[in-house]
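Chemist: Starting from these lines, generate the structure:
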Amino acid sequence: MIAVAKAIISSGLEKADILIAVSSMDKYAELIKRLFPQFGLSVRFIDSPTADTIPVVTLLLDLLHVVSLTDPDWDDIAPLFLHPLCRPDERLWEYDIFRRRHPENDCPPPDSIRAVMKKITAPDINELPDLVDAFLETVQCDLKDDDNTVSAMESFYNTLKEVLRDMELLGFPGDIRFIYREMCTRLQSKNIRCKTHENGIPVVGYLDSLGLDPKKLFVMGMAEGDIPRRETGNPYFVPDRHYSLILNRHFMKNWLQLGDKVTFSYARHGEDGSEQQRSAFLEELRLKMISAGTSGSRRYKLLYYENRPIEGNFLLAQRHNEILSGKMDVFSGQVRERRNIFQIPVSAVDTLLACPMRFYYDRILRVQPGDEDESAYRAKIAGTLIHAVLEDFGKEGGFSLSEEQAIELMRTSIEKVFSEANIDRNDPLIRDRFRYYILNLEKNSKENCLVSLLEWNRKNCQITGRFHLKKIFPEDRCPLQLKFADVEVSISGIIDKIMINETLKNVIVSDYKTGNIQSDFKEYMRAQLYLYTRKSLEMYPGYTADAAYEQIKKPKIHGGGEGLFLYTHIDGKFGKMKKNGEELSTAINVLTFHRLLEKLFSLISGGSYYITDRTFETACNYCPHAGLCRKDSRLRHGHDNGPSGLIYGQGETNE
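Modeler: Next up is the predicted model:
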């Protein structure tokens, strides 16, 4: 792209004498519009949009569709009044959600909608232009005074007048349904001429470049796969041929007739960074490489400073030089903010273990992420609901009931929690999202996570002597106090379930997990269960303490794994128990872990919230603050070897 821009500038030709042909407007249009102005080059695109793609025209076509119906229902009306240009209010969105959730409920629309519908129902066909004006004024349509909107409105009105005139000339009886269909058809062929960059370099598709004789033609996109375009199969055995190879040869025949006037180019790398090969059609041409160089592009000018210090005292230079030198200073978390008292949730300890800088953004600055991943947000909400269900179930003594009684109580808890959260369990989307929790909630079911949860508790808490428990307390909320030199740390958390064996003087703290379980003790990354056991020892002196994760994500029959994971203390270590219950698979050294916590809290109490040296996969994979600390910029090595594309052509070459 840069090399093409350079070649255009060096040609010295007027803009009207130059033509750019691209293999795909979707692939090249936005890049050209963004990059070429940096070189002082204006462009215009010949393939103007059609009228039916402009938002105001789609709105007016929806209006004609509603008017053409004798008795429109809400599904017909909704696209009209919920169109963004109509600026629908919150009550209308709520009504739409209610109607879609309860299609059997024939609740009338709001008064404002009914008032408009009375005015636009079944008008005389000659009154349609006035009807359109009245509708736009009634709903206070938010129309922009830009060229595309103005041109599209003119095209709509002119087309409507043409259709009405043609119907009158043909003596066709008035039928709004016919007018609507005819308007849709005619507007598909009405191009809206964009009035911006009228004097810019024209950019066209390959087909539109044929038959033209510019003083200079730049053909962009000559990569293998774009030209020649691949057939879907052997063209001699496929009845419905696309003849793409024949078309490509036709392109080349016409372009080569221009001789030195044409310059071919291809991008050396695709949008995903993959290497591309130039088209086979260029193999036999005399080629000359044109380097894009670094002039004219801000990105390539900045690359000059990669791995080189920048002189100056401004913040950007200071940050660049600090990253380059590898020093841990102000931009690495040396904030000089001293404090010796921390009040944090137990999850923040895991954040601190992963990266002190992330802890600083989360707990000290309280920076909110710019955008929240929708799938992660839904998973979080789902986990919160299921935890609430199990909390209610535990408070009512559900774990001590028989299986039939426990399942009935679980149904009651689900109904109660979902009702309080205003969630319709009969909604198909909700039933699908919570299918492993609310469906097949029956005795001996292998399809339901909560039934499996009850089975794990009966098996491990009643049959095995070690875990024969007499008391189960749900959701115990107690802070844990830690003291490191002059630093005091108060850690709060919710213990989902505490199980007590008064005979064996044993306590098990349990944590429900509706997602994946990450217990990477080898890296000293997970502290939640261990800290819960520390708290349980304070609550029940003289007892031994163990812990458990109860994963209720997916039944085993649907690809889920073992649902109960037990952790215990053995010989100064805390870790996951093996099947025989006598050994640990992965574990942390308790003394070493306490020293690590002391070191971390001592550092951050002095204002040293440094960027972690852990790997990206370990510490940064789910961090919402990657754009702030830019750890990835510290991991880059080597130099960029030049532009991402080269231009090749006949006599001259390019991209």
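
Chemist: For the stretch 551-655 of the chain, which segments are assigned as helices?
Modeler: Along the stretch 551-655 of the chain, counting by DSSP state H, counting those that start in this stretch, helices occupy 590-605, 626-629, 631-634.

Chemist: May I see the ones you listed arranged in CSV, with distance to residue 10 as well?
Modeler: Where you see a C-beta, it was placed from the backbone N, CA and C, and this is true even at glycine. What follows is the helices of the stretch 551-655 of the chain, written out as CSV (distance: least, C-beta to C-beta, whole Å):
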stretch, distance to residue 10
helix 590-605, 57
helix 626-629, 38
helix 631-634, 34
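
Chemist: May I see those helices organised as a markdown table, with mean neighbour count added?
Modeler: Formatted as a markdown table, these follow (neighbours: other C-beta atoms under 10 Å):
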| stretch | mean neighbour count |
| --- | --- |
| helix 590-605 | 16 |
| helix 626-629 | 16 |
| helix 631-634 | 15 |
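
Chemist: Tell me which of those helices approaches residue 309 most closely.
Modeler: Of all those, helix 631-634 sits nearest to residue 309, with 14.9 Å by C-beta to C-beta.

Chemist: And stretch 415-424, what's buried?
Modeler: Neighbour-count burial for stretch 415-424, with 16 or more other C-beta atoms under 10 Å as criterion, is recorded at 417, 418.

Chemist: same thing with stretch 310-323?
Modeler: Those would be 319, 320, 321, 322, 323, for stretch 310-323 by 16+ other C-beta under 10 Å.

Chemist: Kindly check the end-to-end length of stretch 305-315 for me.
Modeler: Using C-alpha to C-alpha, to the nearest Å, one end of stretch 305-315 lies 15 Å from the other.

Chemist: what do you get for stretch 205-217?
Modeler: Rule used - C-alpha to C-alpha; the end-to-end distance of stretch 205-217 is 12 Å.

Chemist: Touching it from outside, list them.
Modeler: 8, 11, 13, 17-23, 25, 46-47, 219, 227, 250-251, 254-255, 258, 261-263 (C-beta atoms under 8 Å, 6 or more residues apart in numbering).

Chemist: Inside strands: which ones of these?
Modeler: Counting by DSSP state E, the contacts of stretch 205-217 place 18, 19, 20, 21, 22, 219, 262, 263 in strands.

Chemist: Go ahead and confirm the last one touches residue 220.
Modeler: If I follow you right, that is residue 263. No. The pair residue 263 / residue 220 is not scored as a contact, 9.3 Å apart, by C-beta atoms under 8 Å.

Chemist: anything in contact with each of these two?
Modeler: Contacts common to residue 263 and residue 220, judged by C-beta under 8 Å, 6+ apart, are residue 4.

Chemist: which stretches of the stretch 151-300 of the chain form strands?
Modeler: Under the criterion DSSP state E, counting those that start in this stretch, strands of the stretch 151-300 of the chain are mapped to 201-205, 216-220, 262-265.

Chemist: got any ranges where the stretch 451-600 of the chain has weak pLDDT?
Modeler: Residues of the stretch 451-600 of the chain meeting the criterion pLDDT under 70: 460-478, 518-523, 558-562, 579-583, 585.

Chemist: for residue 63, what are its contacts?
Modeler: By C-beta under 8 Å, 6+ apart, the residues touching residue 63 are 80, 120, 131, 132, 135.

Chemist: Which of the residues you listed are buried? Put it as a ChimeraX command.
Modeler: Those of the contacts of residue 63 that count as buried under 16+ other C-beta under 10 Å are selected in ChimeraX with:
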select :80,120,131,132,135
